[in-house]
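In: Any chance you could fold what I've pasted below:
(chains A and B)
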2 protein chains.
Amino acid sequence: MNWLTAEEALARLGTKPQTLYANVSRGRITARPDPDDPRKSLYRQDDVERLANRPQGRRPARTVAAESIAWGEPVLETSIATVADGRLLYRGQDAVTLAETATLGAVARLLWGSATEVDFAGRARARSPGMTAAYQAVAELAATDMPAAGRNRAVLLADAARTVSFLAGALAAPGTMPAHHRLAQQWGRPEAADPLRRALVLLAEHELNASTFAARVTASTGAPLSAAVLAGLAALSGPLHGTASQSMAGLVEAARRQGATLAIGAHLRQGNALPCFGHKLYPDGDVRAGALMAAFTLPPVFAELAEAGERLSGEKPNIDFALAALVGAYDLPADAPLQIFALARSVGWLAHALEQIETGTLIRPRARYVGTEPTR
Amino acid sequence: MNWLTAEEALARLGTKPQTLYANVSRGRITARPDPDDPRKSLYRQDDVERLANRPQGRRPARTVAAESIAWGEPVLETSIATVADGRLLYRGQDAVTLAETATLGAVARLLWGSATEVDFAGRARARSPGMTAAYQAVAELAATDMPAAGRNRAVLLADAARTVSFLAGALAAPGTMPAHHRLAQQWGRPEAADPLRRALVLLAEHELNASTFAARVTASTGAPLSAAVLAGLAALSGPLHGTASQSMAGLVEAARRQGATLAIGAHLRQGNALPCFGHKLYPDGDVRAGALMAAFTLPPVFAELAEAGERLSGEKPNIDFALAALVGAYDLPADAPLQIFALARSVGWLAHALEQIETGTLIRPRARYVGTEPTR
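Out: Numbers count the residues shown, from 1 in each chain, chains lettered A, B, ... in the order given. Below is the predicted model:
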């Protein structure tokens, strides 16, 4: 596979640098770090040629619409968050900087545009805390809460905080402490509180991924905010989404037995993509992973996997890798990444649900029927 | 407001009849029945002029993408169902014809492409049957079921049937009878069994509405099939979707007090759209409403509302009206329409989830960031 520098790619495409980066972030051009200068990226020649040879002018509407649900042209506008120039921005503020000191409550206040502090305190203790309790708690709210449509922002913000509070109550120890302390206490790992705080901040929001989109579609019907969170939770349960970091378990096992280089080499030689390395939106590496892994000592097997993975695949560890390493470092429950993800991202789902409600529009796409012709 | 005949609209637009109908079904041109000949439609002149004056040639990609989530260009292909020429077709078969004799199980077999009979029998009895129990039952499955990704069709079909069976168990009386008998028994209305059967068949599937899209987005992450149904349930809880027929309660009350004509007149004079009349996809009237209302005697207040509503608004009663009338005719629980909708549509959600899994693609749209510029 041949790789071009940015200058070469731009010369071939005849576009501005922004267009090149947009094509990378939409997955049309694969990028990887330049081995000679990791601050720069290289661009896959095949992808660049394909785009350069594309017919000029506007594409047919049916193509644009079909691509719109797969990293294509944006389908809606948002003021909540974006990934730009390799940085994750929450309302314009760098999430990595926020992660140094902020709590999930502070991020919720920022993302929801709340004038007052946001608090997820709760005294309820789930009989058996975990994901099943989380589903049950949010399902109960969704079945009984008031619809969001037609109610004002102040009551909706209260609903939003209550939904996260129920979720926190289902996953973490009860109390008035910030959520990261309650998770650390629930798992009997007080020393993990600070890395957990960072993880909650870094995972709170990530633009229109599948779970956020499901939440937003749900909110567009005027459904209760808790129903939007329930839809987000449902989508998060997929292996392509919230449970990605658990897909590394086999690799970690193999690395323990035979060393990271052999384990990753064997994995890649079977033609498998390397789980938990690389991210479409971050050609130069997922900034969230670096920010989280800076907060604790990587267990040796993860340090070796990170090094060997990057050396052999050209991709850096992503946030799913960092979560798996966090679990390894503090011996957290195997599904801790999903629990952290669910609690953190509920804040982002609610920000999008609130934004969608303000548009007052129903999300209702159409499908092209390609099935059996009607019988008469 | 001026209205054009089909001939006049076509002359102004210079398109084929199919393009005119497509514009109606996408909501770009409002249509209503011709008062002089109800088999024909009239088309709103303003809409026709706006489209006729649109710049020629392809529209910009950003416009097409933004419209794709609001009745725009199709975002994906489906072989499951479509609305064509005012008919609702399940795998090419007319849903109104199916509704004469089929059960929900038979429709599931058709929509899921199952080689064998589909059965929702179950012996579990919910402690307190209803929507809360339905959410709880499906949430429990979603939290514990296997992901759908990577498993074969036979086991997925078993998962699908089990999910509907759990839902039926949460809403209806236990047993091995078809679902409509179990609902009728649960509500103590055995004489309502046949209209309930029709309603379940007619509501089983309706292309890419918001709840089906939420289910499909969820399935695209590889999540368990039950998680896709949970996302569908969440979206269905919105007033713009599954609870629409309950929005008629005020109108029914007013019609009882002052008569249907005065009640509807007052409603329209306040500038409110008439709930439960008209449907974008059926310019000549929602065929499902007619098919359902043919199966029972309309209570007088509903007969008067149907007549006055059509006379004053030009729109015919839709399926939400028919469900409200069904509740009135048999004195069913107030949220029976939502329960019927949820049980019926779970079959359609699962058909779409199965179809989405076969594509193997993640639904991941993008948003255009229009918020605060990054701080440096």
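
In: low-confidence ranges in the stretch 251-376 of chain A?
Out: Scanning the stretch 251-376 of chain A for pLDDT under 70 picks out A:375-376.

In: Can you show me the helices along it?
Out: For the stretch 251-376 of chain A, the helices defined by DSSP state H, counting those that start in this stretch cover A:260-269, A:287-293, A:300-313, A:319-330, A:336-359.

In: Which of those helices sits closest to chain B?
Out: For these, proximity to chain B was assessed by C-beta to the nearest C-beta; helix A:336-359 is nearest, at 8.7 Å. For the C-beta atoms, the positions are set from N, CA and C on the backbone; glycine is no exception.

In: Okay, buried residues for the closest one please.
Out: Neighbour counts over helix A:336-359 (16 or more other C-beta atoms under 10 Å in any protein chain shown) mark A:336-357 as buried.

In: what angle separates that helix from helix A:319-330?
Out: 140 degrees (axes from the mean of the first three to the mean of the last three C-alpha atoms, to 10 degrees).

In: So in chain A, which strand runs the longest?
Out: The strand that spans the most residues within chain A, counting by DSSP state E, is strand A:37-44.

In: Paired strands for it, with orientation please.
Out: Strand A:37-44 has the following strand partners under DSSP bridges: strand A:3-4 (antiparallel), strand A:31-34 (antiparallel).

In: For those strands, give me JSON lines that also has mean pLDDT and mean neighbour count.
Out: Output for the strands paired with strand A:37-44, formatted as JSON lines (pLDDT from 0 to 100; neighbours: other C-beta atoms under 10 Å in any protein chain shown):
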{"stretch": "strand A:3-4", "mean pLDDT": "85", "mean neighbour count": "20"}
{"stretch": "strand A:31-34", "mean pLDDT": "73", "mean neighbour count": "20"}
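
In: Which one of these lies nearest to residue A:99?
Out: With C-beta to C-beta as the criterion, residue A:99 lies closest to strand A:31-34 of the strands paired with strand A:37-44, at 22.4 Å.

In: Could you see whether chain B lies near stretch A:87-105?
Out: Yes. Counting by C-beta under 8 Å from any C-beta of the partner chain, chain B has neighbours in stretch A:87-105: A:87, A:89, A:91, A:92, A:93, A:94.

In: typo on my end, it should be stretch A:131-139
Out: Yes. Using C-beta under 8 Å from any C-beta, stretch A:131-139 comes into contact with chain B via A:131, A:132, A:134, A:135, A:136, A:138, A:139.

In: Most neighbours among the residues you listed, which one is it?
Out: residue A:138 (31 neighbours; other C-beta atoms under 10 Å in any protein chain shown).

In: Skipping adjacent residues, who's closest to it in space?
Out: residue A:230 (4.8 Å; C-beta to C-beta, 6 or more residues apart in numbering or on different chains).

In: Need the contact partners of stretch A:3-12.
Out: By C-beta atoms under 8 Å, 6 or more residues apart in numbering or on different chains, the surrounding residues in contact with stretch A:3-12 are A:16-17, A:20, A:29, A:32, A:34, A:40-45, A:48-49, A:52.

In: Enumerate the positions of that stretch that are buried.
Out: Buried positions in stretch A:3-12, judged by neighbour count with 16+ other C-beta under 10 Å: A:3, A:4, A:6, A:9, A:10, A:12.

In: got a list of what residue A:120 touches?
Out: Counting by C-beta under 8 Å, 6+ apart, residue A:120 makes contact with A:104, A:105, A:108, A:161, A:164, A:165, A:168, A:179.

In: pLDDT averaged over the helix or strand hosting the fifth one - what is it?
Out: In this structure, residue A:164 is located in helix A:153-171 according to DSSP states H and E. In this model, helix A:153-171 has an average pLDDT of 96.

In: Check which helices and strands that helix sits against.
Out: Applying 3 or more C-beta pairs under 8 Å, 6 or more residues apart in numbering or on different chains; DSSP states H and E, we find helix A:153-171 packed against helix A:104-112, helix A:131-144, helix A:179-186, helix A:225-236, helix A:336-359.

In: re the thing from before, may I see the buried residues of the longest strand of chain A?
Out: Those would be A:41, A:42, A:43, A:44, for strand A:37-44 by 16+ other C-beta under 10 Å.

In: same question, stretch A:192-211
Out: Those would be A:192-193, A:195-211, for stretch A:192-211 by 16+ other C-beta under 10 Å.

In: picking up where we left off before, could I get the helices of the stretch 251-376 of chain A as TSV with distance to chain B?
Out: Shown next, in TSV, are those (distance: least, C-beta to the nearest C-beta, whole Å):
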stretch	distance to chain B
helix A:260-269	17
helix A:287-293	13
helix A:300-313	20
helix A:319-330	14
helix A:336-359	9
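
In: Any chance of CSV for these, columns distance to residue A:218?
Out: Putting the helices of the stretch 251-376 of chain A into CSV (distance: least, C-beta to C-beta, whole Å) gives the following:
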stretch, distance to residue A:218
helix A:260-269, 37
helix A:287-293, 26
helix A:300-313, 36
helix A:319-330, 25
helix A:336-359, 7
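
In: helix or strand for residue A:88, which one?
Out: Assigned by DSSP H and E, residue A:88 belongs to strand A:87-90.

In: Now do that strand: everything it contacts.
Out: Residues outside strand A:87-90 that contact it (C-beta under 8 Å, 6+ apart): A:80-83, A:94-96, A:98, A:107, A:110-111, A:202, A:204-206, A:287-288, B:374.

In: Quick one: buried ones out of the residues you listed?
Out: Here, 16+ other C-beta under 10 Å leaves A:80-83, A:94-96, A:98, A:107, A:110-111, A:202, A:204-206, A:287-288 buried among those.

In: So which of these belong to strands?
Out: A:81, A:82, A:83, A:94.

In: wait, which of the residues you listed is closest to residue A:263?
Out: residue A:83 (30.4 Å).

In: okay, now residue A:54: neighbour count?
Out: Residues lying near residue A:54 (other C-beta under 10 Å) number 11.

In: Could you check how far it is from residue A:47?
Out: 11 Å (C-beta to C-beta, to the nearest Å).

In: circling back to that earlier point, looking at the contacts of stretch A:3-12, which is nearest chain B?
Out: Nearest to chain B, judged by C-beta to the nearest C-beta, of the contacts of stretch A:3-12 is residue A:29 at 15.1 Å.

In: quick one: that closest one and residue A:43 touch, right?
Out: Yes. Here residue A:29 lies in contact with residue A:43, judged by C-beta atoms under 8 Å, at a distance of 5.4 Å.

In: who touches both of these two?
Out: Residues touching both residue A:29 and residue A:43 (C-beta under 8 Å, 6+ apart): A:9, A:20.

In: And the buried residues of stretch A:3-12, which two are furthest apart?
Out: Most distant of those, by C-beta to C-beta, are A:3 and A:10, 14.1 Å apart.

In: And for the residue lying closest to residue A:137 once chain neighbours are set aside, the neighbour number?
Out: Nearest non-adjacent residue to residue A:137, counting by C-beta to C-beta, 6+ apart: residue A:170, 4.1 Å away. Neighbour count of residue A:170, defined by other C-beta under 10 Å: 27.

In: Touching, residue A:170 and residue A:134? I think so.
Out: Yes. The criterion here is C-beta under 8 Å, and residue A:170 meets it with residue A:134 at 4.2 Å.

In: who are the neighbours in contact with residue A:205?
Out: Residue A:205 touches A:80, A:81, A:90, A:95, A:107, A:111, A:212, A:345, A:347, A:348, A:351, counting by C-beta under 8 Å, 6+ apart.

In: how about the closest residue to residue A:340 other than its chain neighbours, what does it touch?
Out: Spatially, and ignoring its direct neighbours in sequence, residue A:340 is nearest to residue A:199 (5.2 Å; C-beta to C-beta, 6+ apart). By C-beta under 8 Å, 6+ apart, the contact list for residue A:199 reads A:292, A:322, A:323, A:326, A:340, A:344.

In: I'd like to know how far the residue lying closest to residue A:162 once chain neighbours are set aside sits from residue A:166.
Out: Spatial nearest neighbour of residue A:162, excluding adjacent residues (C-beta to C-beta, 6+ apart): residue A:141 at 7.5 Å. Separation of residue A:141 from residue A:166 (C-beta to C-beta) stands at 6 Å.
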